[in-house]
Every structure is written in C-alpha cells, then in structure tokens.
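> with the input below, show me the fold.
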Amino acid sequence: MTEPIEPASGEGRRLLFIEDDEAVLKALGDYFAALKYEVIRAPTGKQGIAAFDAYDPDVTILDLKLPDIDGLQVLETIRRSRAVVVMLTGYGDIPTAVRAMRLGAENFLTKPVDLPHLVAAVERAVEKGELGRENSRLRLLVPTTKKRIQRWAAAVILVLGALWIGNIVGDLGNKPPRVAPIAPTRLRSETAGAGRNQDSLIRTPVQGPQPADSAKR
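Now for the predicted structure:
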C-alpha cells in the first residue's frame, strides 16, 4: 500500500498572500503555516506592495481583484524587483490570464483553488526563484566573456611591455664601455728634444781650416 504524497516542507521559505477576502486569506495562510512556511498577509494592494518591500518573500500569491489597486498593477510593480508571483482570481478569463503571464506571473489559478495544486504551484515557483537567484550569484562570481577578453588583453600587454623593457636593459648591458679619449702627451717631443740636446753635447765640433804653417809641414 503506497503512502500518500506529502507536500514538501516550507521551512525557511517565506510566502506573501495579498488577498482581500479575510476568510480566504486566513485559510490559505493557516494551511501554508502548517507546512512550516513563514506567512505574511496583506488585505490590500498597497499593503501588499509595502509588505513585499519589507519582507522580500520567496513567492507572492496575489489576488486579481483588490479593493484599492488592480492585481495586475500590483504584479507589474513588484515584478520590477523580480518577484515570483502566482495569481489567484475568481473571475478568470483567457485574456486576463495571458496578460498576467506576459507581466511575469508564474501561474494563474482560479478560485476555489485546490490546495494541493496550489502547494505544487508554489513549490515550483520557489524552485524557479531559487534557481534565478543562484544564477544571479554565479554571474557575479564568473566573469563574462567580454571581461575575460579584457583581462587576457591586459595580461598580454603587460607581458609584452615587460619583454620590451627587458630587451632594452639587455642591450644596454651588452654594449662595450665607452673609454674616454687619452689626452696627447709631450713625452715624445720632450724625448726628441732631449736627444737633440744630448747630441749637441756629444757630437764633435767641426774643425775649421788648418793654419797655413801646418799645411806646409
């Protein structure tokens, strides 16, 4: 004998009910609270928008007909904050359902709603919302293709710049050192002059013509 399928526990999940019928609001809220969902209730559209901003629910169950604001207006407002919404109405029609889905509703159910069916719709909406938040978190962690290309380009530029600077430094190190020109010295000229002076001291002076008497002898 198979056991009946129990609805999943809603522990840690928050639901917002925006519903003007007090009896429906209480019945739905109590039912989901028994499944350990955290339940927030709002009887008007304005209060529902304020509660959404204050509590950031996982899923909003929204009535189409409200005493102050049309449910589709509420849907359009909270969808700007990426709300996950299941619509409820006692006056369902195809054009309204199509419009609600275009505005971003996850589901469109008519009253009186089958509670297990509503629970299943809420669970699917919760899972979709969690998946969307996880994707958003991953997009923040994982760089996009454009960012990856920019980072690779920056890295390549840095490497090429480092190689270029290294080549310049290497060329400077390989060049022979420049030697300062040697100033001319006077050693040779001074030596030559000294030689001439010594020659003048050693060389035998040239004798002049002999006296006539010596030639006769």
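> pretty sure residue 15 contacts residue 36?
No: if you go by Cβ atoms under 8 Å, residue 15 and residue 36 don't touch, sitting 10.9 Å apart. From N, CA and C alone the C-beta is placed, and that goes for glycine too.
> neighbour count winner among the two?
residue 15 (25 against 12; other Cβ atoms under 10 Å).
> so the more buried one is in which element?
strand 14-18 (DSSP states H and E).
> export that strand as PDB, just CAs?
C-alpha atoms of strand 14-18 as PDB (Å, rounded to 0.1, in the frame of the first residue of the first chain):
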ATOM      1  CA  ARG A  14       8.600  33.000   3.000                       C
ATOM      2  CA  LEU A  15       5.200  33.500   1.400                       C
ATOM      3  CA  LEU A  16       3.200  36.700   0.900                       C
ATOM      4  CA  PHE A  17      -0.600  36.500   0.500                       C
ATOM      5  CA  ILE A  18      -2.200  39.600  -1.000                       C
END
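> so where's the protein uncertain?
1-9, 132-145, 169-217 (pLDDT under 70).
> follow-up on the earlier one: I'd like to know which elements the strand holding residue 15 is packed against.
Under the contact criterion of 3 or more Cβ pairs under 8 Å, 6 or more residues apart in numbering; DSSP states H and E, strand 14-18 touches helix 22-34, strand 38-42, helix 45-55, strand 59-63.
> need the ones you listed in a markdown table with distance to residue 147, can you?
Output for the helices and strands packed on strand 14-18, formatted as a markdown table (distance: least, Cβ to Cβ, whole Å):
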| stretch | distance to residue 147 |
| --- | --- |
| helix 22-34 | 42 |
| strand 38-42 | 38 |
| helix 45-55 | 32 |
| strand 59-63 | 33 |
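> single out the most deeply packed of these.
Among the helices and strands packed on strand 14-18, strand 59-63 has the highest mean neighbour count (mean count of other Cβ atoms under 10 Å), at a mean of 26.
> against which helices or strands is the helix or strand where residue 159 lies packed?
Under the criterion of DSSP H and E, residue 159 resides in helix 145-174. Applying 3+ Cβ pairs under 8 Å, 6+ apart, one finds that helix 145-174 contacts no other helix or strand.
> wait, a strand at residue 67?
No: counting by DSSP: H, G, I helix; E, B strand; the rest coil, residue 67 is not found in a strand; it is coil.
> ok, it to residue 98 distance?
25 Å (Cβ to Cβ, to the nearest Å).
> angle of the strand holding residue 15 against strand 38-42?
20 degrees (axes from the mean of the first three to the mean of the last three Cα atoms, to 10 degrees).
> check which residues of strand 14-18 are buried.
14, 15, 16, 17, 18 (16 or more other Cβ atoms under 10 Å).
> for it, which strands pair with it and how are they oriented?
Sheet pairing for strand 14-18, assigned by DSSP bridges, gives strand 38-42 (parallel), strand 59-63 (parallel).
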